[in-house]
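Visitor: Here's a sequence, model it:
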Amino acid sequence: QVQFVESGGGLAQPGESLKLSCVTSGFSFRAYAMNWYRQAPGKEREIVASITSTDHSTKYVDSVKGRFTISRDNSRNTLYLQMNSLKSEDTAVYYCNGGVPHPDMEFPLAAFPSWGQGTQVTVSA
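Guide: Predicted coordinates:
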C-alpha cells in the first residue's frame, strides 16, 4: 500500500535551517508530482510546495518563496524540503503526498487518501 515516512523535523531557532525527507513506497514515485504540506496547531493542512514529475519544476506558496526548496530523488523514491531562514510561523507538522494536476487549481491535488505520520517542525527562540 501507499506509504509516506517523513523525517528531519525538530526544534530550530529563527533564522536556522532544517531539511525534511519523505521516503515513499507503494506507488510509482517517478510518475507523480509530489507535494509538501504542513498543518499548524488549530489550522487546516495547507500545501507548501510542489514539484513536477517531468521537468522537476517547482512551485511554492508565497509565505515560503525564497526560503524553502523542494527537490526529489527518483532513484531513492524520496522527496526533500530544504527550509532556510526559518520563522516562528513555520511551526507545524509537515507531510508529503503525491500530486495530481487539476486545471482549476494552482497546485496539484493530493493523489492519495493515506498520509504519513508527519514530522514536527518547531521554530522558537
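
Visitor: which secondary element of the protein has the worst mean pLDDT?
Guide: Counting by mean pLDDT, DSSP states H and E, the chain has its least confident helix or strand at strand 109-110, which shows a mean of 92.

Visitor: which residues does the most centrally placed residue in the chain form a beta bridge with?
Guide: In the chain, the residue lying closest to the centroid (CA atoms, centre = their mean) is W36, at 1.8 Å. The partner list for W36 in beta bridges (DSSP bridges) reads A49, C96.

Visitor: ok, it - contacts?
Guide: Neighbouring residues of W36 by CB atoms under 8 Å, 6 or more residues apart in numbering: L20, C22, I47, V48, A49, S50, I70, L79, L81, Y94, Y95, C96. Where you see a C-beta, it was placed from the backbone N, CA and C, and this is true even at glycine.

Visitor: Check which helices and strands the least confident helix or strand of the chain is in contact with.
Guide: Contact here means 3 or more CB pairs under 8 Å, 6 or more residues apart in numbering; DSSP states H and E; on that basis strand 109-110 packs against strand 92-100.

Visitor: Please repeat the previous calculation with a cut-off of 10 Å.
Guide: For strand 109-110, the elements it packs on are strand 33-39, strand 92-100, judged by 3 or more CB pairs under 10 Å, 6 or more residues apart in numbering; DSSP states H and E.

Visitor: Pull the first one out as CSV, backbone CA atoms only.
Guide: Translated: strand 33-39. As requested, C-alpha coordinates have been extracted for strand 33-39 and formatted as CSV (Å, rounded to 0.1, in the frame of the first residue of the first chain):
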residue,chain,number,x,y,z
ALA,A,33,4.2,15.2,-9.0
MET,A,34,4.9,15.5,-5.3
ASN,A,35,3.7,18.0,-2.7
TRP,A,36,4.8,19.1,0.8
TYR,A,37,2.1,20.2,3.2
ARG,A,38,2.0,21.5,6.7
GLN,A,39,-0.6,21.8,9.5
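
Visitor: Many thanks, I have nothing further to ask.
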